[in-house]
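*Asks:* Below: sequence and its predicted model.
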Amino acid sequence: QVQLVESGGGLVQAGGSLRLSCAASTRAFVGWFRQAPGKEREFVAAITRSGVIRYYADSVKGRFTVSRDNAGNTVFLQMNMLKPEDTAVYYCAARETNIGSSYDTRQNYDYWGQGTQVTVSS
């Protein structure tokens, strides 16, 4: 069982930055997803248990960075150059083993955080 606690959402102007945190009860493969009103939940980024390999959705490449703290159990999503279309509830998700494909598929994650709202004003 992996418990996940998210924090760091809020309101920011377009072009600004936010950092989300996902505190996990153990070192896990962690993904970030987001869901805007009326839309499907979509993949944003993921990081392997070691932190060596990171994956990103095309829509956030070059703007968002996923990383881990030194202990390895907390995962961050640094979001820069935010756009109004980034507005969504952001969720972290985890699985106990690494995967090298289909990391963008919700069904491949076993544990989910409660979600945190990110709102980007224009």
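*Replies:* In hand now; what should we look at? Numbers count the residues shown, from 1 in each chain.
*Asks:* Which element, helix or strand, includes the most centrally placed residue in the chain?
*Replies:* With distances taken as C-alpha atoms, centre = their mean, the chain has residue 32 as the residue nearest its mean C-alpha position (2.4 Å). Remark: residue 32 resides in strand 29-35, with elements defined by DSSP states H and E.
*Asks:* what's the next secondary structure element after that strand?
*Replies:* strand 42-47.
*Asks:* Kindly calculate the angle that that next one makes with strand 29-35.
*Replies:* Angle, strand 42-47 to strand 29-35, by axes from the mean of the first three to the mean of the last three C-alpha atoms, to 10 degrees: 160 degrees.
*Asks:* What residues sit buried inside the helix or strand just after strand 42-47?
*Replies:* Per DSSP H and E, the first helix or strand lying C-terminal to strand 42-47 is strand 54-56. Using 16 or more other C-beta atoms under 10 Å as the test for burial, strand 54-56 gives 55-56. Glycine gets a C-beta too; all of them are placed from N, C-alpha and C.
*Asks:* Tell me the helices and strands packed up against strand 54-56.
*Replies:* The helices and strands touching strand 54-56, judged by 3 or more C-beta pairs under 8 Å, 6 or more residues apart in numbering; DSSP states H and E, are strand 42-47, strand 64-68.
*Asks:* coming back round to it: for the strand holding residue 32, which helices and strands make contact with it?
*Replies:* Strand 29-35 is packed against strand 18-24, strand 42-47, strand 74-79, strand 88-95, with contacts defined by 3+ C-beta pairs under 8 Å, 6+ apart.
*Asks:* could you dump these to CSV with distance to residue 61, mean pLDDT and mean neighbour count?
*Replies:* Output for the helices and strands packed on strand 29-35, formatted as CSV (distance: least, C-beta to C-beta, whole Å; pLDDT from 0 to 100; neighbours: other C-beta atoms under 10 Å):
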stretch, distance to residue 61, mean pLDDT, mean neighbour count
strand 18-24, 17, 97, 20
strand 42-47, 9, 98, 23
strand 74-79, 12, 98, 22
strand 88-95, 17, 98, 23
